[in-house]
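# just to be clear, the model below is a prediction. Sequence and coordinates:
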Amino acid sequence: MKLAYQISIVVFFVTVLISLFTKPDPSRFGKQIVGIQHIGVTIKDWDKSLKFYVEGLGGKPLLTGTDFKGMDIQNILFQKELKDALKNEANFKDYSIPNFLKNDRLDAIYIQYSNTVIELLRYYDSETNTPVSDIREMTSPAIPSSQHIAFHVVDNIDLNDFVNDLEEWSHENGMENVGCNRLKGCIIDEEDKIVCEEAEKVDKKFNSLKIQGKDKGDYNGWFLAYCKGPNGEQLEFNQVLYQSKKVFQKAYDTRPQTKN
């Protein structure tokens, strides 16, 4: 009995100490979220997209689903847009909403990378095999609600070389839309006119933005390239080095663990 009492006292004080030094999770749903499961991107060209994300960037295809249709799919994916169209007395096609009760269909494939999954979604007319809504060629990441996918590039290569190789391989395989921004090459003059030179005329050292130097604080070591994918989707390729790498590692080591 004496030993059991002593153990209970120790357990009590350990519990008190843990409660004193453990910060509670202030978020509403943090303990219910395990992590990012996948990132979805709507595409236009199925074959070119698979070639780019699988053969090019090395993803592994997982689940594939084709010919999704019907009332359940219509509502779970597009009910908010349908209500908005009704409220504004607009045709649902003006909102780029497919009609899964008629000819429109959805194909989807999940592609695994080492730390996350990308889902490619294709909405199309099953009779004409054309997209439900054409993808806007002219897009800017400055548009509110626009999104991008960022890939982590290994430390032991030069990101400038990676940009060159990615573009050359993509263009050789018929993906002319794939292109990355440079640090130099375009200006907006005093009359708001755009003046640009060809990308190949810009020195390779300007293929990526490399933030480095102790005066950059925690951003020291943040390297990035901003690119367009085969469907016009916004992509980023990162290297995280020096101080930035330490910041990310510390956040990873101290993040709350949620069990699935």
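Everything's here; your move.
# report the helix or strand with the lowest average pLDDT across the chain.
Ranked by mean pLDDT, DSSP states H and E, the helix or strand of the chain with the weakest confidence is helix 2-21, at a mean of 54.
# what comes up buried for stretch 69-85?
Within stretch 69-85, the residues that qualify as buried are 69, 73, 74, 77, 78, 85, counting by 16 or more other CB atoms under 10 Å. Backbone N, C-alpha and C define where each C-beta goes, glycine included.
# residue 83 sits in which helix or strand?
With elements delineated by DSSP states H and E, residue 83 resides in helix 71-87, which encompasses its position.
# ok so, going back, I'd like the next helix or strand past the least confident helix or strand of the chain.
As the chain continues past helix 2-21, the following element, by DSSP H and E, is strand 39-42.
# circling back to that earlier point, and which of the buried residues of stretch 69-85 is nearest to residue 214?
Taking CB to CB as the measure, residue 214 lies nearest residue 77 of the buried residues of stretch 69-85, at 48.3 Å.
# and the pLDDT at that closest one?
Among the per-residue scores, residue 77 shows a pLDDT of 95.
# quick one: secondary structure of the residue nearest to it when sequence neighbours are not counted?
Once flanking residues are discounted, residue 77 sits nearest to residue 106: 7.8 Å by CB to CB, 6 or more residues apart in numbering. Of the three states, residue 106 takes strand under DSSP: H, G, I helix; E, B strand; the rest coil.
# please report the distance of residue 106 from residue 121.
For residue 106, the distance to residue 121 under the criterion CB to CB, to the nearest Å works out to 7 Å.
# more neighbours: which of these two?
Using other CB atoms under 10 Å as the criterion, residue 106 and residue 121 rank with residue 106 on top: 19 against 15.
# surely that one touches residue 123?
Yes: the pair formed by residue 106 and residue 123 meets the contact definition of CB atoms under 8 Å, at 5.5 Å.
# what touches both of these two?
Common contacts of residue 106 and residue 123 (CB atoms under 8 Å, 6 or more residues apart in numbering): residue 98.
# quickly list the domain ranges of the protein.
Using automatic domain parsing, the domains assigned to the chain come out as 35-135, 147-260.
# burial measure for the residue nearest to residue 197 when sequence neighbours are not counted, as a count.
Leaving aside its sequence neighbours, residue 197 sits nearest to residue 185 (CB to CB, 6+ apart; 5.2 Å). The local packing of residue 185 (other CB under 10 Å) involves 16 other residues.
# which residues touch residue 185?
Going by CB under 8 Å, 6+ apart, residue 185 touches 196, 197, 198, 199, 201, 202, 206.
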